[in-house]
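Q: predicted model and sequence follow; I will ask about them next.
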Amino acid sequence: MFEPLENADTTVAALHFLVYWIVGYRMGQLALLTADAAQRSARRIRIWIRVGFGLYLARLVSIGWLWTYGWDFAENRVLVSLPLITLPLVAVVVWSLPRLRRVIDGSDVDRLDPKLVVPVQATAAGGLLTVWVAFVSRPIPPHADELLTHGGPLAVLTALLWLRQSRRHLTRPSLLTKVAAFLVIVGLVTGGVFYGLSASRLPSHMSMMDHNLVDNGGGPPTSHAARTSVDALTGPRDLVPDKVFTLTAEPGKIPLSSGRSIDGWTFNGTSPGPEIRVREGDLVEIKLYNKIPDLGVTLHWHGLDVPNAEDGVAGLTQEAVPNGGSHTYRFRAEQVGSFWYHTHQASSEAVAKGLFGSLIVEPRTGPAVEDITVLSHVWNEGVSAFGAADTMQRKRIKPGTPVRIRLTNTGINPASDTTSTEFLLTGTPFRVTAIDGTPLHGPTELRDTTLELANGGRYDLSFTMPDGPVRLVDRNAPDAGLLLEPNEGRPVPTLPEDPPAFDPLSYGSPETPRFTRFDRRFKLILDDGLSFHDGVFGLLPMINGTQFPDTPTLMVRENEVIHTTLINRSHEVHPMHLHGHHALVLSRNGVPSTGSPWWTDTLDVRPGEIFEIAFVADNPGIWMDHCHNLEHARNGMVMHLAYEGVTSPYHVGHQSGNQPE
Ligand code: C2O
Ligand code: CU
């Protein structure tokens, strides 16, 4: 509901501006008319001013309504937009309306009087600025400069209108003047766009240490003196690894089960790449070779909290591996659970084209289960599939067998603006036994429930194979999916019509609270507005009103407990992914988590939602914190979590060869 409401408020703002703009124009024309005509025109103007009042009231309602979602969703409108339209409207009531009434009455009044005309025109100007607030500037009050940058233009414009009105002669502007004015406006706008495009280009070389905005989260100041390079923060380098893997990135045709094939990129000739399956405590070594021309490649272990130097972010923790190059990763697999790996260089393109695979850490001991990994992917050509299966895959499983499905969303962007991919598991009751690789406490049985999974996120689904078929689908691609059958010839289970949604906030049973004190508190407003980023112009995602490299760098010290509030004021869902750490969800929209502790590494924040999360700063380094809608990341929805004293020698930028997103 939040998003339509935001749009409604913006629409009313635009209408309000339009009405007063027309009224302002008509007001200006009054002086050119005969007394009779002026009288008639003034009557119509009065009606339109009343319509404008109605729109103003409608805005009060929509802004008040937005406020019910939380002050953060309304503050820019209350503190910036409302004054911009309210102040000139007061002048309309006090100055313009009484004079307009005299025109209507036919009494003698100076129709050139600025007090008659300018308040209405200023209301239009203020209204236009509120459209700017809603679409473009998306200010985050309370900063004095927001008042200046928005109130300032209104004051200047009003003064100019006043000047113009008080020196106005009783002539209509010539066609030439009108054309000239039009050309000047068009010239200014195009000039502005071109300037914005080129000024927003990222430099050709830029250190990832160029943190334009350091945020200490209200905690003790952090020093810039660097003592450790990320390069020193490696996994065990001298011990003999327990498991060794080689992954070679190469171009290839990826055959889908429908017979169609994707022109993509593979690891060892397949995509998804080979599954990396290790045991808890294993020292894992993975050698990456790159044979893709003109593309750097890295490996990032999504959700596995490895040491910083092993995290595989081009330009932050390593150089991208060029064609012909190689890189060796080493880490101990300390968390048991479902993870995945993918390249972290130009990833919005490269992951979509196939540079990913699953990464499973099994417990040392445990009951045997039928373990099925599902990587739900949207291929770069728009095909939804489970791995390379874009048709229904059948699998025979004996009734009574314990089954675990490791459901992973590797798609680079959500199914729609406001929802991530929705899955349905039908034909059996089941439990969600883990989220993002972390087991849940006391999961209860679910049946016919929509599972909305963040891009990059994982759910482990467990059940005992019944004696009928079980079906798992992505709701947007129900013809594909997975069909588990105890025996042949049973009808495919139909999908439930409108199943309730799974909600981790209240699922499972709680444990004693983990965090009692917080050393730092960060507040991140996820937003979008018409803006420029690195040569792109459009409705772009923003964090705290801006894009990388102007986004805040969250500074922490080791062992601190960090509280973060994520507020989504934008029109799209943002699956926020913090590297190297798992965060505990404390609350959503002010409602505390009442279910199992919900640890996440990739959290969907939907429009209008506020999440409070907390984590322990227990993995020193400089970490990516970004939206896993990888197109958003490419458009600058990226920031860093940086530990005091850690530095990175790597560079990003167009000439650096590194392009972390
Ligand atoms: Cu799965 Cu920074 O990414
Ligand atoms: Cu996003």
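A: Good, I have the coordinates. Ligands and ions are numbered 1, 2, ... in the order given.
Q: and stretch 583-595, how far apart are its ends?
A: Stretch 583-595 has an end-to-end distance of 15 Å (C-alpha to C-alpha, to the nearest Å).
Q: isn't V573 right next to E422, touching?
A: No - contact criterion C-beta atoms under 8 Å: V573 and E422 do not qualify, at 11.7 Å. All C-beta spots, glycine's among them, are computed from the backbone N, C-alpha and C.
Q: okay, these two: which has more neighbours?
A: Shown here are V573 and E422; by other C-beta atoms under 10 Å, V573 has more neighbours (28 against 19).
Q: in the protein, what residue comes closest to ligand 1?
A: Relative to ligand 1, the nearest point of the chain is H302 (3.7 Å; C-beta to the nearest ligand atom).
Q: for burial, what's the neighbour tally of that residue?
A: 28.
Q: what helix or strand is the closest residue to it other than its chain neighbours on?
A: Leaving out its chain neighbours, the residue that sits closest to H302 by C-beta to C-beta, 6 or more residues apart in numbering is W340, at 5.0 Å. Taking DSSP states H and E as the definition, W340 sits inside strand 337-342.
Q: in terms of secondary structure, what does that strand contact?
A: strand 300-302, strand 356-362, strand 402-409, strand 458-464 (3 or more C-beta pairs under 8 Å, 6 or more residues apart in numbering; DSSP states H and E).
Q: what would those strands look like in TSV with mean pLDDT?
A: As requested, the helices and strands packed on strand 337-342 are arranged in TSV below (pLDDT from 0 to 100):
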stretch	mean pLDDT
strand 300-302	98
strand 356-362	97
strand 402-409	97
strand 458-464	98
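Q: how about the residues of the stretch 551-661 of the chain near ligand 2?
A: Within the stretch 551-661 of the chain, the positions lying close to ligand 2 (C-beta under 5 Å from the ion) are 574, 627, 629, 632, 637.
Q: next up, the contacts around the third one.
A: When contacts are counted by C-beta atoms under 8 Å, 6 or more residues apart in numbering, N629 touches 412-414, 455, 541, 572-575, 637.
Q: can you check the first one too?
A: The contact partners of H574, taken as C-beta under 8 Å, 6+ apart, are 526, 541, 568, 604-605, 627, 629, 632, 637.
Q: re the thing from before, wait, which of the residues of the stretch 551-661 of the chain next to ligand 2 is closest to T401?
A: N629 (36.4 Å; C-beta to C-beta).
Q: phi and psi next, for the closest one.
A: Dihedral pair for N629: phi -80, psi 100, per degrees, to the nearest 10.
Q: okay, V313: pLDDT?
A: With respect to pLDDT, V313 scores 96.
Q: excluding sequence neighbours, find me the nearest residue to it.
A: H344 (4.8 Å).
Q: ditto for H377
A: According to C-beta to C-beta, 6+ apart, the nearest residue to H377 is T410 (4.7 Å).
Q: could you check the pLDDT of that neighbour?
A: 95.
Q: what's near enough to touch it?
A: Contact analysis of T410 by C-beta under 8 Å, 6+ apart lists 272, 340, 342, 351, 356, 375-377, 455-456.
Q: make TSV from the contacts of N629 and add distance to L112 and secondary structure to it.
A: Converted to TSV, the contacts of N629 look like this (distance: C-beta to C-beta, whole Å; DSSP: H, G, I helix; E, B strand; the rest coil):
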residue	distance to L112	secondary structure
I412	60	coil
N413	56	coil
P414	56	coil
N455	60	coil
P541	48	strand
E572	49	coil
V573	54	coil
H574	53	strand
P575	59	strand
M637	52	coil
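Q: about what we covered before: would you list the contacts of T410 in JSON lines and tack on distance to ligand 2?
A: Output for the contacts of T410, formatted as JSON lines (distance: C-beta to the ion, whole Å):
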{"residue": "P272", "distance to ligand 2": "23"}
{"residue": "W340", "distance to ligand 2": "19"}
{"residue": "H342", "distance to ligand 2": "17"}
{"residue": "V351", "distance to ligand 2": "15"}
{"residue": "F356", "distance to ligand 2": "19"}
{"residue": "L375", "distance to ligand 2": "21"}
{"residue": "S376", "distance to ligand 2": "18"}
{"residue": "H377", "distance to ligand 2": "18"}
{"residue": "N455", "distance to ligand 2": "9"}
{"residue": "G456", "distance to ligand 2": "11"}
